Every structure is written in C-alpha cells, then in structure tokens.
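**Student:** Sequence and predicted model, in that order:
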Amino acid sequence: MAVLFRSSFVKINFGEYSCTLWNSNLRLKSSTVLPQNQLHKAENTPQRDPLDLSFENTKDAFKSKTTWELFRAFLVLKLSTYSYLVENHEKLIAQGKKILGPSLFKFLMKHTFYGHFVAGEDAKSIKPLLDRLRSFGVKSILDYSAEEDMSEDQAKEAMKKAKLSSQATSDPGELKKYKPYEKFADRRKYRVKARTYFYLSEAQCEKNMVTFLKSIDAVAGSTASTGFAAIKLTALGRPQLLMQLSEVIARTRKYFKEVTGVASENMVAQQVTPSTFATKLEYHKIKTDNEEVKKWLQNMDYDRKGVLPSVLLMNMFCWSGLVDLNFVMSDLFKVPNLQSGRMEPIITALNPDEEEMFQNMMRRLHHIAQNAREKDVRVMIDAEQSYFQPAINRITMEMMRKYNKKKAIIFNTYQCYLKEAYNNVVLDLELARRQGFFFGAKLVRGAYMEQERIRAQEVGYEDPINPTYGVTSEMYHKTLSEMLRQIVEDIQAGNEKRIGVMVATHNEDTIRFAVKKMEELGIKPEHKVVCFGQLLGMCDQVSFLLGQAGYSVYKYVPYGPIDEVLPYLSRRALENHSLLTKVDKELRLLRKELLLRIAQGKFFYKPKGNYLPI
Ligand SMILES: Cc1cc2nc3c(=O)[nH]c(=O)nc-3n(C[C@H](O)[C@H](O)[C@H](O)COP(=O)(O)OP(=O)(O)OC[C@H]3O[C@@H](n4cnc5c(N)ncnc54)[C@H](O)[C@@H]3O)c2cc1C
C-alpha cells in the first residue's frame, strides 16, 4: 500500500457506483473473484522471495538484522517471559536509574529494550533504521511515542478539570457509557496496550499538534513518501468533547428509534425517508408545518440515488457540518422535542468556551490533514476507547470525505473486538461509495479490552466487546473478507484503488487468512490495496517475510527520547508477557538463527538488502 491510490488516478464515475450499489443491496457476494485478465500490470517487478506461510524460514526472516541485534531481540523477549521482572518492572526501572545514574541507565536501555522496540530519539537518528527497513521491503508508520509521566492522582485531577459543564448529570441505560467516571480517569489502567493522552490545557493540545506535524515532516523526509504518520484524536482536544459527541450519536439513535420504531445503525437509517419520518413525527403530535421543524426536515441528509427502498440511507443530521470550523454543536444537533414540539438541542448545550474548544480541536485536525496533503503523507487515525469511538469514527469519516477526494490521505481504524465492527465497516464503505471519497482503513483486534469490560460492568451498560476471542477473530476475518470483496468488485468495474485496507495484526493465522483470501480473489500485491502492519520489534518473521515476498508491509515505528518512551516500553513488556505462545515461537526462531550464525562464524554479519517495497 506504499503508493496506495497513488500510482494511477483512475477517473471514477461515482454515478456508476451507486448503480452497482443498488444491485449489491449490501449483501456479501461470496463468488466475487477477479479474473486474471482484469489484473492490473505491475509497473516494476522488484526482487522477490517466495513466501513461506509457515513463517519458519529464519534465514530470510532475520537477514535484515546484525547478529548483535538478533542476540538483543532474544534477550529482550526472553526477559519479558519472566513474570517477576514484568510485574515489578516499574520498580526495577526506578532502582536501575538510581543505582546506575542517568548516563549508564540510558546506555543500558539503548542496548536492550529501547534499542529493540524504539527506532531512535528524533527524526534524524531514526533515518538509518527506516532506510534499512525499506531495503528489506518494509515501510514505516511513524509514531512519536513520548509520554507524560503522570500519576493516577494527576490523571484524576486532569479529568476533573476537563469535565464539561453539561456532563454533571448521569443518564440511565446505555447513555451512562458516555460520562466520565473518576475510577476510570486514568485511562492507562487495566492492561491498555496503547498510548493515552490526558488533557492538560489547550496549549498542550497545540503542542501535540506540532508534534504530529513534525512527525509528518519526518515521514516526508525519511520514507520517500511511502509512510504514514499515526495520530490520536484525544491528543488534539478535550477528550470529554469526543465523549459528548459520542453521546449525541447515541441519543440520535435513541431518538430516531423512539420516533420511527426503526433502529438506526451507525447514524444511518435504512428504509426511512424524511417524509416517512415526518409522518411518524405527526403521530407524536409534532406540528411538521412549523417553520423550524419544516426547515430541519428539509435539511436532512438523505441519499436519493437509490431505487430499492431497502438500501435508502437517511441521516438525521448533516454531519459534514461537524468538520466546519464555524460549527456550533448545540445548534447543529437540534431535534423536535417529543413533548413540547419545539426544536431543542439533543444534548445539554455546551457553553461558549467548550464550543470554542471543539472548534479548536477541528482546527488542529484540519491543520494536520492539510499539512499531510501538501507533503504527500498519509495520516492514520488510531482507534481508542469505545466511549470516544463513535465521535472519532464520525469525525474521521467527515475528514475522509473532505480530504480523500483524489486519493486516500486520511485512514480510519476499526477494532474487530467490538460487537458492532462489521456493521460499522459495511456502512462506512457504503457512505464512502455514495459520497465519492477514497476509503482507507486499518483493521485491528483492539487494545482496550480489559478496561472496556471492567468499565461496562461497573458502570452498568452492555459490554461492547465480543464475548470470546474466537468471535473477535471471526469478526476480523468476516470484515476483512467483505472489504476484499468490495475491492474486487471495484477492480472488476475498472475503478480500482478506491478502498485500501491495512491488516494490522501479529496473528499469523489472520495474516495467512488474508494472503490466501487475496490469492483466492485474485488480488495481487501490485494492486496496492492491501497492506500489513506490525509493531517494530514484534513479529519480524512475519513482516520481513511478507515484505521480501513483495507484499506491502509497514512497521509502526515509535521514536522519542528514552526517558519519555519508558511507558511505551512498559506496555510492550506487558504485551509480550501476555502473548507467551507467540513469544515462544519468536524465541525459538531467534535461537535457531543465532546458533546458525555462531556455527558459521558470522559474528559481524552486515545486513544489506536490495528489495524495493511495493
Ligand atoms: C500496526 C498496528 C496498529 C494498531 N493500532 C491500533 C489502534 O489504532 N487501536 C487499537 O485499539 N489497537 C491498535 N493496535 C493493537 C491491536 O488492536 C491489538 O491489541 C494487538 O495487535 C493484538 O492483537 P493481534 O491481532 O495482533 O493478536 P492476537 O493475539 O491474535 O489478538 C489479541 C487480541 O484479541 C482480542 N481478544 C483477546 N481475548 C479476547 C476475548 N476473550 N474476547 C474478545 N476479544 C479478545 C483483543 O483485542 C486482544 O488484544 C494496533 C496493532 C498494530 C499491530
């Protein structure tokens, strides 16, 4: 996907798309396979190795590493299998710093955990590693990983300060999910595997924006325009605003159901038109000839292209206003009150300062997107907790609509551990198709499972996570299959590269599933519509074997000063400890290759790759 949507800019007739759409009627066509004569020709054929899907070929998997790096990888992964070390690592780090002093401690970290999981301190120092990855067929997603060293009490304080004026009351049922709770103020707790931003001030959010802009510059300068910059929306404004917007979305669904009796998924209602909606409002004794209500009904976002009522899509609000810089949340999200008949905000109105903060958040996001577009860099928006996710998803979709007109600049992330993941992806694909923008998505399983479950149970709403690991994996494979099916459908219609997917996982079964599905459907790496993603320092046997075989592969590459990336290292140690079967395999492969290199006297082996990432 290095040049996903880049190398050929096919003129797309979105009118045709809507025709295909009606026939497809949102059903999965399992028989869609791409005939070989419709495959696009590869422009250049780079050096390729055959792909061994057992991911056991240690010689090829580790030929990008020096013997010292192999030893370091073995040592670091081995240390993370010891429960005592992992459980007490924070104490040990503090003691280590005290006993060794700052310089020796840094030296030790650089030659162990930091050296293994982190690329370097800044954009300049990481360049040699990025070049080496590229020369072995692997591209980069840069992720500046410096974090605040904040205690739990400080996190609680930050949450209290950031609470919105309208968030004081508690609601019954599902809406409870979208309120802040002191117990969960420290969003790093309960085995969270991803970085957490806390709101300190608007100035801090500006600083975070500058960091992301620098990351875009670093991608532009060091990845030959093949990379991504990863960003999190909670870094760009008060996270409570995202919670509030998620609540608007939940309330809109609830209101829609109350009025029509039809459940609306993902803010898009099927089978209901504004006129049927108006009739339903009249049942509730709302005067639809009232000027305000009439205007509201006229402004409903209604897709009129359809011929089959089962796929009519209607939106109660015109969400594109959301990314408008003059947008006022309480003005946009007004509905007729079912008791009074008057147009009223669907949530308690934000105060003017909070409205301004929301606009600030959007301004920062636009600044990032514009910068990325100018520098020809793509932006990956990470998925976060499920109580932020409806807002993050909605904003990201609107940003895609705005910035992905000619190619995909903005990419969304979908967490397949969520019960609603498949439906969300299908509907978003549908919206992208109808509204004529390029759709880029990263599929992950999800990084907040334990915290999500505990919060749902303690606060008292439905657990948003699939009941078992098996169901999550099924959801992943089903969602990926649907995306691949639609990709093939596009290619068959001559409109390739409108959808791009990143299979972001360390799970070898899922990677095998994706590769086999690509083969089955006739999708080739040269189509540049499917890519893979793993973290730096994890699952190298997968990333490099795929990259060297000509698949599009990315490493999430963290960078930042040693002291500030310790929390990141801490999460990697915990994650590796919880993945013992996977780590066992990596250790076995590393041991095998190390012994071989020792037996062959290759102590000073110098990696030299001549692969060209796709
Ligand atoms: C490149 C990259 C980018 C990422 N970006 C994000 C991101 O933006 N947002 C995000 O949330 N995560 C992100 N992640 C992390 C990801 O969501 C997973 O936590 C991590 O990759 C482990 O999942 P896996 O598929 O690699 O491995 P596996 O070991 O196959 O899966 C473990 C995952 O399965 C799920 N799971 C485990 N047990 C159960 C259970 N009992 N019931 C239901 N589900 C279960 C959980 O999600 C768990 O993390 C990213 C990962 C990568 C590699």
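**Tutor:** Now that the structure is in, tell me what you want to look at.
**Student:** Can you show me the strands along the protein?
**Tutor:** For the chain, the strands defined by DSSP state E cover 138-144, 228-231, 269-270, 301-302, 313-315, 334-336, 343-345, 378-381, 410-415, 439-444, 499-504, 530-535, 552-559.
**Student:** Reformat the ones you listed as a markdown table; add mean pLDDT, distance to the ligand and mean neighbour count.
**Tutor:** (Each C-beta comes from the backbone N, C-alpha and C, glycine too.) Output for the strands of the chain, formatted as a markdown table (pLDDT from 0 to 100; distance: least, CB to the nearest ligand atom, whole Å; neighbours: other CB atoms under 10 Å):
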| stretch | mean pLDDT | distance to the ligand | mean neighbour count |
| --- | --- | --- | --- |
| strand 138-144 | 92 | 7 | 26 |
| strand 228-231 | 91 | 8 | 27 |
| strand 269-270 | 54 | 28 | 22 |
| strand 301-302 | 66 | 28 | 18 |
| strand 313-315 | 66 | 26 | 22 |
| strand 334-336 | 86 | 32 | 19 |
| strand 343-345 | 84 | 31 | 16 |
| strand 378-381 | 95 | 8 | 26 |
| strand 410-415 | 98 | 4 | 26 |
| strand 439-444 | 97 | 3 | 26 |
| strand 499-504 | 97 | 4 | 25 |
| strand 530-535 | 96 | 3 | 24 |
| strand 552-559 | 94 | 4 | 27 |
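**Student:** Nearest residue to Lys183 in space, please, no chain neighbours.
**Tutor:** Leaving aside its sequence neighbours, Lys183 sits nearest to Glu458 (CB to CB, 6 or more residues apart in numbering; 6.9 Å).
**Student:** again, but for Asn337
**Tutor:** Nearest non-adjacent residue to Asn337 (CB to CB, 6+ apart): Glu344, at 4.6 Å.
**Student:** The one you found: what's it in contact with?
**Tutor:** Residues counted as contacts of Glu344 (CB atoms under 8 Å, 6 or more residues apart in numbering) are 334-337.
**Student:** beta partners for it?
**Tutor:** Val335 (DSSP bridges).
**Student:** Name the residues of the protein found near the ligand, please.
**Tutor:** Taking CB under 6 Å from any ligand atom as the criterion, the neighbours of the ligand within the chain are 193-194, 382-383, 413, 415, 417, 444-449, 465-466, 468-469, 472, 504-507, 533-535, 556, 579.
**Student:** what pLDDT does the residue nearest to Lys59 when sequence neighbours are not counted get?
**Tutor:** Excluding its sequence neighbours, the residue lying closest to Lys59 (CB to CB, 6+ apart) is Glu593, at 6.9 Å. Taken from the predicted model, the pLDDT recorded for Glu593 is 97.
**Student:** Go ahead and confirm Glu593 touches Phe62.
**Tutor:** Yes: when contacts are counted by CB atoms under 8 Å, Glu593 is listed as touching Phe62 (4.8 Å).
**Student:** Could you tell me which residues touch both of those two?
**Tutor:** Common neighbours of Glu593 and Phe62 (criterion: CB under 8 Å, 6+ apart): Leu70.
**Student:** how close does the closest residue in space to Arg597 that isn't next to it in sequence sit to the ligand?
**Tutor:** Leaving aside its chain neighbours, Arg597 sits nearest to Thr67 (4.9 Å; criterion: CB to CB, 6+ apart). Between Thr67 and the ligand the distance, using CB to the nearest ligand atom, to the nearest Å, works out to 26 Å.
**Student:** how about low-confidence regions in the stretch 151-300 of the chain?
**Tutor:** Along the stretch 151-300 of the chain, the parts satisfying pLDDT under 70 run over 162-172, 223-225, 264-271.
**Student:** which residue sits closest to the closest residue to the ligand within the stretch 251-400 of the chain, ignoring its sequence neighbours?
**Tutor:** Proximity of the stretch 251-400 of the chain to the ligand (CB to the nearest ligand atom) peaks at Asp382, 3.2 Å away. Excluding its sequence neighbours, the residue lying closest to Asp382 (CB to CB, 6+ apart) is Lys232, at 4.9 Å.
**Student:** ditto for Glu282
**Tutor:** Leaving aside its sequence neighbours, Glu282 is closest to Thr288 (5.9 Å, by CB to CB, 6+ apart).
**Student:** Glu148: neighbouring residues, count only.
**Tutor:** Per other CB atoms under 10 Å, the neighbour tally for Glu148 reads 14.
**Student:** Who are the contact partners of it?
**Tutor:** Applying CB under 8 Å, 6+ apart, one finds that Glu148 lies in contact with 198, 200.
**Student:** hang on, the earlier thing: if I read this right, the residue nearest to Asp382 contacts Glu384, doesn't it?
**Tutor:** Yes: counting by CB under 8 Å, Lys232 does reach Glu384; the two are 6.4 Å apart.
**Student:** When these two are compared, which one has more neighbours?
**Tutor:** Neighbours were counted for Lys232 and for Glu384 using other CB under 10 Å; Glu384 has more, 25 against 22.
**Student:** where along the stretch 101-250 of the chain do the helices fall?
**Tutor:** Listed in chain order, the helices found in the stretch 101-250 of the chain under DSSP state H, counting those that start in this stretch are 113-117, 123-135, 152-162, 202-222, 239-260.
**Student:** Same list (these) but as CSV, adding distance to Leu484 and mean neighbour count.
**Tutor:** Shown next, in CSV, are the helices of the stretch 101-250 of the chain (distance: least, CB to CB, whole Å; neighbours: other CB atoms under 10 Å):
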stretch, distance to Leu484, mean neighbour count
helix 113-117, 31, 22
helix 123-135, 26, 18
helix 152-162, 41, 15
helix 202-222, 27, 18
helix 239-260, 28, 21
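**Student:** Distance to Phe184 for those - can I get that in TSV?
**Tutor:** Conversion of the helices of the stretch 101-250 of the chain to TSV gives the following (distance: least, CB to CB, whole Å):
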stretch	distance to Phe184
helix 113-117	27
helix 123-135	34
helix 152-162	9
helix 202-222	21
helix 239-260	11
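**Student:** Select, out of those, the one closest to Tyr181.
**Tutor:** Nearest to Tyr181 among the helices of the stretch 101-250 of the chain is helix 152-162; the distance by CB to CB comes to 8.8 Å.
**Student:** who's in contact with that closest one?
**Tutor:** With CB under 8 Å, 6+ apart as the test, helix 152-162 has contacts from 150, 180, 182, 185-189, 198-200, 238-240.
**Student:** of those residues, closest to Phe113?
**Tutor:** Closest approach between those and Phe113, by CB to CB: Arg188, at 18.3 Å.
**Student:** Run through the residues that contact the closest residue to that closest one other than its chain neighbours.
**Tutor:** Using CB to CB, 6+ apart and skipping the chain neighbours, the partner closest in space to Arg188 is Thr196 (4.7 Å). Contact analysis of Thr196 by CB under 8 Å, 6+ apart lists 147, 187-188, 234.
**Student:** Now do the same contact list for the closest residue to the ligand within the stretch 101-250 of the chain.
**Tutor:** Nearest residue of the stretch 101-250 of the chain to the ligand (CB to the nearest ligand atom) works out as Lys193 at 4.9 Å. Neighbour list for Lys193: 447-448, 571, 574-575 [criterion: CB under 8 Å, 6+ apart].
**Student:** and the residues you listed, which two are the farthest apart?
**Tutor:** Most distant of those, by CB to CB, are Tyr448 and Leu574, 13.5 Å apart.
**Student:** Below-threshold pLDDT in the stretch 501-614 of the chain: ranges please.
**Tutor:** 580.
**Student:** Over to the stretch 301-450 of the chain?
**Tutor:** Applying pLDDT under 70 to the stretch 301-450 of the chain picks out residues 301-314.
**Student:** Can you list the residue ranges for helices in the stretch 401-550 of the chain?
**Tutor:** Taking DSSP H, counting those that start in this stretch as the test, the helices found in the stretch 401-550 of the chain are 421-435, 449-459, 469-492, 508-521, 540-548.
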